[in-house]
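Chemist: sequence unavailable; structure follows:
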């Protein structure tokens with residue numbers, strides 16, 4: 001009963017039982033009313049014909065001899081009728097029944113007058129003298145002496161044999177047949193409903209079993225429900241099955257991603273610990289050396305140690321700043337301020353900012369910007385950060401005498417920006433990982449052994465928030481080229 005099939009079967013059984021009861025009640029009620037109507041119509045003139053042929057009152061008194069003779073004659077013809085002579089006030093004067101069977105001493109005259117007047121539709125039911133609260137169809141006629149109304153002949157039709165439903169059904173073959181056919185039809189409908197529910201719920205049972213197996217399997221493998229109809233040929237259950245199948249694949253993928261993220265988190269924590277420990281230990285070591293050997297150190301040595309301590313402090317500060325920046329960019333609350341701006345002017349400003357540093361490293365920094373470039377849409381501060389990170393990387397890994405170029409290329413609805421260099425290049429097998437946080441190998445680009453390992457990760461995340469990809473083209477010993485594009489402003 002706890003299953004969907006059990007509940008559907010129980011609901012169907014209750015519904016069919018209720019319909020069966022309603023059907024039987026309606027059938028019995030309508031049949032009884034129909035029989036009463038037919039009986040009353042067929043015997044409508046019975047009382048009037050009796051009164052016309054037989055004098056039942058003489059001198060205001062009941063003619064018992066005529067009444068008894070009439071009773072015996074009618075019992076031969078129709079033993080189900082009952083005869084009553086009543087006065088003008090409704091008091092029963094005589095009847096053809098044992099004394100202990102009649103429970104009333106008078107009957108209501110309103111139905112009798114309506115019957116005689118013909119003002120109501122049949123069946124018209126009057127008081128049943130044999131039952132205090134009973135009512136039955138009847139035939140009636142006035143008893144007159146001259147022009148004076150002295151009473152009525154009240155003929156109850158049907159008698160006691162039709163008082164109960166069981167007797168009425170037992171006495172009618174057609175009624176028994178109708179009730180039997182109706183009940184048989186309902187039983188067949190119930191059996192057909194059981195089978196139909198079983199057939200309709202079979203796919204739900206398979207789906208439930210598949211989901212349970214998916215749960216027992218620790219969500220390792222997605223469900224494969226090949227029996228579902230797909231496309232326009234399927235119904236709601238098929239759509240549910242296909243949706244659950246896709247959902248299971250999504251769950252498996254997300255669990256895999258969570259595990260990868262957890263592994264990455266552990267690796268990141270280890271990298272952060274290492275990267276924070278190195279400059280912090282160096283900073284602490286140089287400061288302790290100054291404190292311990294302060295009097296024994298020359299001015300030049302003291303200045304050297306202070307310079308090294310300052311560099312490590314700056315590196316530690318840079319690492320913490322970039323960690324915070326990357327955390328903000330990867331949070332769900334990261335907000336970008338999109339606006340139209342000139343990428344041409346931004347590239348020129350960033351190039352001027354790094355011009356002196358490039359000269360100190362003996363590098364040539366040049367720009368290649370087409371005339372009439374349209375504005376682009378984006379967060380200008382974050383795009384400036386991307387360009388700065390890419391140029392800093394290029395300066396670190398381009399040997400003296402090399403060349404760094406920043407170029408813009410116009411495309412349909414977009415502008416592509418490229419930062420290329422003639423540096424040491426990137427090994428091909430390391431290219432897919434250079435945008436990972438803290439990924440830094442001696443021979444790779446990364447951010448260099450003196451960097452934080454976060455510059456390219458920050459650039460990648462910023463462009464991802466702009467809906468843009470950053471691509472890399474490089475060969476070991478042959479330089480590298482980083483490219484991304486932005487949509488032009490409307």
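Modeler: Received the coordinates, thanks. Note that the coordinates shown come from a computational prediction; the quantities given were computed from them, not determined experimentally. Numbering: from 1, shown residues only.
Chemist: correct me if wrong: residue 348 contacts residue 373.
Modeler: No: between residue 348 and residue 373 there is no contact under Cβ atoms under 8 Å: 11.2 Å. For glycine as for every other residue, the C-beta is placed from the backbone atoms N, C-alpha and C.
Chemist: these two - which one has more neighbours?
Modeler: Between residue 348 and residue 373, counted using other Cβ atoms under 10 Å, residue 373 has the larger neighbour count: 17 against 14.
Chemist: part of a helix, is that one?
Modeler: No: going by DSSP: H, G, I helix; E, B strand; the rest coil, the assignment for residue 373 is coil, not a helix.
Chemist: can you tell me which residues contact the closest residue to it other than its chain neighbours?
Modeler: Nearest residue to residue 373 in three dimensions, chain neighbours excluded: residue 344, at 4.8 Å (Cβ to Cβ, 6 or more residues apart in numbering). Shown in contact with residue 344 (Cβ atoms under 8 Å, 6 or more residues apart in numbering): 369, 373, 408.
Chemist: repeat that for residue 108.
Modeler: Applying Cβ under 8 Å, 6+ apart, the residues near residue 108 are 90, 126-127.
Chemist: show me how far the helix or strand hosting residue 189 is from its chain's centre.
Modeler: Using DSSP states H and E, the element containing residue 189 is helix 173-200. Computed by Cα atoms, centre = their mean, to the nearest Å, the separation of helix 173-200 from the middle of its chain amounts to 35 Å.
Chemist: give the rounded mean pLDDT of that helix.
Modeler: The pLDDT scores in helix 173-200 average 76.
Chemist: from the contact counts, what lies against it?
Modeler: helix 4-42, helix 165-170 (3 or more Cβ pairs under 8 Å, 6 or more residues apart in numbering; DSSP states H and E).
Chemist: got the angle for the next helix or strand after that helix vs helix 173-200?
Modeler: Remark: after helix 173-200, the chain's next helix or strand is helix 202-216, criterion DSSP H and E. Note on geometry: by axes from the mean of the first three to the mean of the last three Cα atoms, to 10 degrees, helix 202-216 and helix 173-200 are set 30 degrees apart in direction.
Chemist: what's the angle between helix 202-216 and helix 4-42?
Modeler: 160 degrees.
Chemist: gap between helix 202-216 and the chain center?
Modeler: 18 Å.
Chemist: what residues of it count as buried?
Modeler: When burial is assessed from 16 or more other Cβ atoms under 10 Å, helix 202-216 yields the following buried residues: 203, 207, 210, 214.
Chemist: give the next helix or strand downstream of the helix or strand hosting residue 269.
Modeler: Assigned by DSSP H and E, residue 269 falls within helix 236-292. Note on helix 236-292: by DSSP H and E, the next helix or strand toward the C-terminus is helix 299-330.
Chemist: which helices and strands sit right next to whichever helix or strand comes after that next one?
Modeler: Per DSSP H and E, helix 299-330 leads on to strand 339-341 as the next helix or strand towards the C-terminus. In terms of contacts (3+ Cβ pairs under 8 Å, 6+ apart), strand 339-341 is packed against strand 376-378.
Chemist: so what touches the strand it packs on?
Modeler: 336, 338-343, 415, 466, 486-490.
Chemist: ok, 7 Å please
Modeler: 338, 340-341, 343, 415, 466, 486-489 (Cβ atoms under 7 Å, 6 or more residues apart in numbering).
Chemist: what's the first helix or strand after it?
Modeler: Counting by DSSP H and E, what follows strand 376-378 is helix 380-396.
Chemist: may I see the buried residues of whichever helix or strand comes after that following helix?
Modeler: The helix or strand immediately downstream of helix 380-396 is strand 403-411, counting by DSSP H and E. For strand 403-411, the buried set under the neighbour-count rule, 16+ other Cβ under 10 Å, comprises 403-408.
Chemist: now stretch 96-103
Modeler: Buried, per 16+ other Cβ under 10 Å, within stretch 96-103: 96-97, 102.
Chemist: what of stretch 21-30?
Modeler: 23-24, 27-28.
Chemist: export those as JSON lines, with columns for pLDDT.
Modeler: Output for the buried residues of stretch 21-30, formatted as JSON lines (pLDDT from 0 to 100):
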{"residue": "23", "pLDDT": "76"}
{"residue": "24", "pLDDT": "74"}
{"residue": "27", "pLDDT": "75"}
{"residue": "28", "pLDDT": "74"}
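Chemist: got the domain boundaries for the protein?
Modeler: Domain assignment for the chain by automatic domain parsing gives 4-175, 217-269, 272-330, 339-487.
Chemist: before we move on, what SS does residue 92 have?
Modeler: Classified using three-state DSSP, residue 92 is strand.
Chemist: hey, what's it bridged with?
Modeler: Beta-bridge partners recorded for residue 92 (DSSP bridges): residue 86.
Chemist: show me what contacts it?
Modeler: 84, 86, 104-107, 129.
Chemist: just the element for the residue lying closest to residue 382 once chain neighbours are set aside, please.
Modeler: Distances taken as Cβ to Cβ, 6+ apart place residue 462 nearest to residue 382, at 4.6 Å, with adjacent residues excluded. Using DSSP H and E, residue 462 falls within helix 455-465.
Chemist: tell me what that helix is packed against?
Modeler: For helix 455-465, the elements it packs on are helix 299-330, helix 380-396, judged by 3 or more Cβ pairs under 7 Å, 6 or more residues apart in numbering; DSSP states H and E.
Chemist: other residues contacting it?
Modeler: 322, 325-326, 329-330, 334, 336, 382, 385-386, 389-390, 392-393, 434-437, 447, 469-470, 484.
Chemist: filter these down to the buried ones.
Modeler: Buried among these (16+ other Cβ under 10 Å): 322, 325-326, 329, 382, 385-386, 389-390, 392-393, 434-437, 447, 470, 484.
Chemist: got the contact list for the residue nearest to residue 421 when sequence neighbours are not counted?
Modeler: Spatial nearest neighbour of residue 421, chain neighbours left out: residue 394 (4.0 Å); criterion: Cβ to Cβ, 6+ apart. By Cβ under 7 Å, 6+ apart, residue 394 lies in contact with 404, 419, 421, 423.
Chemist: residue 388 and residue 351 touch, don't they?
Modeler: No: with contact defined as Cβ atoms under 7 Å, residue 388 does not reach residue 351; the gap is 10.6 Å.
Chemist: sheet-wise, list the partners of the helix or strand residue 366 falls within with their directions.
Modeler: Here residue 366 sits within strand 364-368, counting by DSSP H and E. Using DSSP bridges, strand 364-368 pairs in its sheet with strand 403-411 (parallel).
Chemist: now do the strand it pairs with: everything it contacts.
Modeler: Contacts of strand 403-411 (Cβ under 7 Å, 6+ apart): 343-344, 347, 351, 358, 363-370, 373, 391, 394-395, 398, 415-422, 485.
Chemist: who are the packing partners of the helix or strand that it is followed by?
Modeler: Next helix or strand after strand 403-411 toward the C-terminus (DSSP H and E): strand 414-421. Helices and strands touching strand 414-421, by 3+ Cβ pairs under 7 Å, 6+ apart, are helix 343-353, helix 380-396, strand 403-411, strand 480-487.
Chemist: make sure residue 122 is indeed in a strand.
Modeler: No: checked against three-state DSSP, residue 122 lies outside a strand; its state is coil.
Chemist: got the contact list for the residue sitting nearest the centre point of the chain?
Modeler: Closest residue to the average C-alpha location of the chain: residue 240 at 10.1 Å, with Cα atoms, centre = their mean. Counting by Cβ under 7 Å, 6+ apart, residue 240 makes contact with nothing.
Chemist: and it, how far from residue 247?
Modeler: 10 Å (Cβ to Cβ, to the nearest Å).
Chemist: for the residue lying closest to residue 112 once chain neighbours are set aside, list each beta-bridge partner.
Modeler: Nearest non-adjacent residue to residue 112, counting by Cβ to Cβ, 6+ apart: residue 140, 4.6 Å away. Counting by DSSP bridges, residue 140 forms beta bridges with residue 154.
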